[in-house]
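Peer 1: Provide a 3D model corresponding to the input given below.
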Amino acid sequence: MTEPREVVEQQLAAYNSHDIDAFVATYAEDITVHRADGSQLRGRQALRDKYAGQFAEGRCRAEIVGRLGEGDWVVDHEIAHGLTDEPVRVLVAYRVREGLIDRVDFLS
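Peer 2: The predicted structure follows:
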């Protein structure tokens, strides 16, 4: 089975290369994303729909400032580029089960 850090690194590489198929493939079918504004995304198709435009424009990139892992969880301190005029600093927690990300919590 793939280690959680490896799965999160695979999704980061797909995100930075704007490969929507590879990106979505790192997530479980029933993925739940809890966004910092309180909204949620549920399921791979919702994830694909959310990110397809950004990927098509090639305008998003994430830089990892720090990464912690414990058990099923990986927490990244990221600087997100291309989403707004200025880079955005975020904390993101990823839970990996059975080799796929099944929960994401944007903490900031």
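Peer 1: any idea how far the residue sitting furthest away from the middle of the chain is from residue 56?
Peer 2: What lies farthest from the middle of the chain is residue 85; by C-alpha atoms, centre = their mean that is 20.4 Å. Between residue 85 and residue 56 the computed distance is 20 Å (C-beta to C-beta, to the nearest Å). In short, each C-beta sits where N, CA and C put it, glycine included.
Peer 1: Repeat that for residue 84.
Peer 2: Residue 84 is 18 Å from residue 56, by C-beta to C-beta.
Peer 1: just to revisit the earlier point, is the residue farthest from the centre of the chain within a helix or a strand, and which one?
Peer 2: For residue 85, there is no enclosing helix or strand under DSSP states H and E.
Peer 1: Let me see the confidence value for it.
Peer 2: Looking at residue 85, its pLDDT is 87.
Peer 1: check contacts around residue 81.
Peer 2: Residues counted as contacts of residue 81 (C-beta atoms under 8 Å, 6 or more residues apart in numbering) are 60, 61, 62, 63, 87.
Peer 1: Most neighbours among these, which one is it?
Peer 2: Among the contacts of residue 81, the one with the most neighbours (other C-beta atoms under 10 Å) is residue 62, at 20 neighbours.
Peer 1: so is that residue in a helix, a strand, or just coil?
Peer 2: strand (DSSP: H, G, I helix; E, B strand; the rest coil).
Peer 1: what's the nearest residue to it if we skip its chain neighbours?
Peer 2: With sequence-adjacent residues excluded and distances taken as C-beta to C-beta, 6 or more residues apart in numbering, residue 62 is closest to residue 78, at 4.8 Å.
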